[in-house]
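1. Predicted structure and sequence below. I'll ask about it afterward.
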Amino acid sequence: MKILLLHAPSKNKISRTDRCQVDTKDFSIGMRFPPINLMYLGAISQKLGHETTIIDAPLEGVSQRRCIEMLDQGFDYVVSNLSFQTLEDDLYILKHAKQRGAKTISFGYMSTINDIELTEKYPFIDYIIRGEPEITYEEILNGIPLETIKGITASNGNGIIRNDDREFNRDLDYLPFPSRDLIKNDIYRDPANGKAFTTIQASRGCSFKCTFCLSRLMNGEKIRYMSVDNVVDEIQSCITDFNISRFFFRGDTFTADKGWVIDLCKEIVKRGLKITWYCNSRVNTIDREMVKVMKEAGCKVITFGIESGNDDILRYIKKDITKEQALKAIRLTKEAGILTWTCYILGLPRDTEETIDETIRFSRELDSDLADFHRFLPYPGTEAYEQEQCKIDPSIINSMINRAYTGYFLRPRIILRHINSFFLKADSISDFLGVCKTGGIVMKRLVGRYIHNLSRP
């Protein structure tokens, strides 16, 4: 069979990971992550012997017209990861795929929470996969009777079939390595120097209860880890087969299990792998010993979700951290020689202009090397969707985000630190040029934000 796995063309370049579905232009340095969910499905298709194509249309620059022309190649299945922000564009392509005789499959966040509505309103979707898609997808391709496939919603002509949820698979090692041979690896590059960059799935699930987050909805409340050997074997494959040595270890809380993190770092060092990597963390799951070992294994940046600088807001969204823990985590990470990247959400439930100002001030007190400020999006299905919402006009929040970015990055101390950390420590001319390119993009965005705020009445 011929299979097309797709991020449909859209003007919004949405990061469609399960937890973080934001526009990549909203990141301070414009991170581009490879479509790892599609790549896992691609690896399963290849394992079963099917001819498989992956198109990450927004990042590859594939237009809607060109995508529709590609559908004329006669695909047996067209599979799309639906997102909240791109739903109209995603459905448009699936409709055209169905008109050309393909069976259509959707998965992802929107498919998980809106499966009944999607099935009723859009009969051109043949199968909707809820939750983690891999096993369900494999059973569809293997022709397992529809009525026995867990985690699927579909119409059989007489009504809607909604089978039982699929349990989260505890053994993540069953997943084949993502099909990096099916994507254009050269468009996913480390913005710090322009070198090839990829994502490695380290774990799934989150035991914490942040009200705004999609992680527990999509991946469950129990953290499941890839085995250390599996992760390091995949690293070696990336180096050998694709000349990639820079990684983002994807996991909702990479540092939740100290023993696993230390074992992983020791194995990287033991095998002599010279790599650079980034990860996410919570401020209450690291200590001095852990960050020291991470640094020795090549960790370059740790990203912390701070979200708010107001303790009452943090309690309301069940973040389960304190400002003091945040200050300590940033200090320990800097002392280890690892760069820090903090993320904030403005317009959270119960936020006011005063609490947002408090968050902006706290971001400067933390003084991480990089910072991102995002506008809160109340995703249906999360607890935050039902909470008391922020009553500030969205245009005011956008203005405050612009002010947060310009006030943060245009400080002389941050500018000098970036010159020292990135420009003066570039390993080669190509690295230096890559930093210059990224720096130009960041400055262009900052100037645009500054001018936009000046133009406001």
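-> Perfect, thanks for sending it.
2. From now on I want contacts and neighbour counts done on CA atoms only, so please keep to that.
-> Will do.
3. so where is the chain shaky, pLDDT-wise?
-> Scanning the chain for pLDDT under 70 picks out 13-30, 421-448, 450, 452-457.
4. For Thr333, the count of nearby residues, please.
-> Neighbours of Thr333 under the rule other CA atoms under 10 Å: 24.
5. Once you drop chain neighbours, what's closest to it?
-> Val291 (6.3 Å; CA to CA, 6 or more residues apart in numbering).
6. cool, and Thr355?
-> Once flanking residues are discounted, Thr355 sits nearest to Asn310: 6.1 Å by CA to CA, 6+ apart.
7. Take whichever strand or helix holds Tyr405, keep the C-alpha atoms, and write them as CSV.
-> Tyr405 is part of helix 394-409, with elements assigned from DSSP states H and E. Once non-C-alpha atoms are left out, helix 394-409 reads as follows in CSV (Å, rounded to 0.1, in the frame of the first residue of the first chain):
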residue,chain,number,x,y,z
PRO,A,394,-6.6,39.6,24.2
SER,A,395,-5.1,42.7,22.5
ILE,A,396,-3.8,43.9,25.8
ILE,A,397,-2.3,40.5,26.6
ASN,A,398,-0.5,40.6,23.2
SER,A,399,0.8,44.0,24.0
MET,A,400,2.1,42.8,27.3
ILE,A,401,3.8,39.8,25.6
ASN,A,402,5.5,42.2,23.2
ARG,A,403,6.6,44.3,26.2
ALA,A,404,7.8,41.2,28.1
TYR,A,405,10.0,40.2,25.1
THR,A,406,11.5,43.6,24.4
GLY,A,407,12.1,44.4,28.0
TYR,A,408,13.8,41.1,28.6
PHE,A,409,16.1,40.7,25.6
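8. buried residues in that helix?
-> If you call a residue buried by 16 or more other CA atoms under 10 Å, then helix 394-409 has these buried ones: Ile397, Asn398, Ser399, Met400, Ile401, Asn402, Arg403, Ala404, Tyr405, Thr406, Tyr408, Phe409.
9. outside of the helix or strand that it is followed by, which residues touch it?
-> Scanning forward in sequence from helix 394-409 by DSSP H and E, the next helix or strand is helix 412-418. Residues outside helix 412-418 that contact it (CA atoms under 8 Å, 6 or more residues apart in numbering): Asp369, Tyr408, Phe409.
10. Going by neighbour count, list what's buried in helix 412-418.
-> Ile414, His418.
11. Run the chain-centre distance for that helix.
-> 28 Å (CA atoms, centre = their mean, to the nearest Å).
12. go on, stretch 179-192?
-> Using CA atoms, centre = their mean, the offset of stretch 179-192 from its chain centre is 15 Å.
13. Endpoints of that stretch, how far apart?
-> Terminal residues of stretch 179-192 are spaced 25 Å apart (CA to CA, to the nearest Å).
14. same question, stretch 54-62
-> Calculated as CA to CA, the first-to-last residue distance of stretch 54-62 is 12 Å.
15. May I see the buried residues of that stretch?
-> For stretch 54-62, by 16+ other CA under 10 Å, it's Ile54, Ile55, Asp56, Ala57, Pro58, Leu59.
16. what about the strands in the stretch 151-300 of the chain?
-> Counting by DSSP state E, counting those that start in this stretch, residue ranges of the strands within the stretch 151-300 of the chain are 152-155, 160-162, 198-201, 203-204, 224-225, 246-250, 276-281, 299-307.
17. Nearest to Asp190 among those strands would be which one?
-> Nearest to Asp190 among those is strand 246-250 (7.3 Å), distances taken as CA to CA.
18. That closest one packs against which elements?
-> Applying 3 or more CA pairs under 8 Å, 6 or more residues apart in numbering; DSSP states H and E, we find strand 246-250 packed against strand 198-201, strand 276-281.
19. so which of the ones you listed is the most packed in?
-> Mean neighbour count (mean count of other CA atoms under 10 Å) peaks for strand 198-201 among the helices and strands packed on strand 246-250, with a mean of 22.
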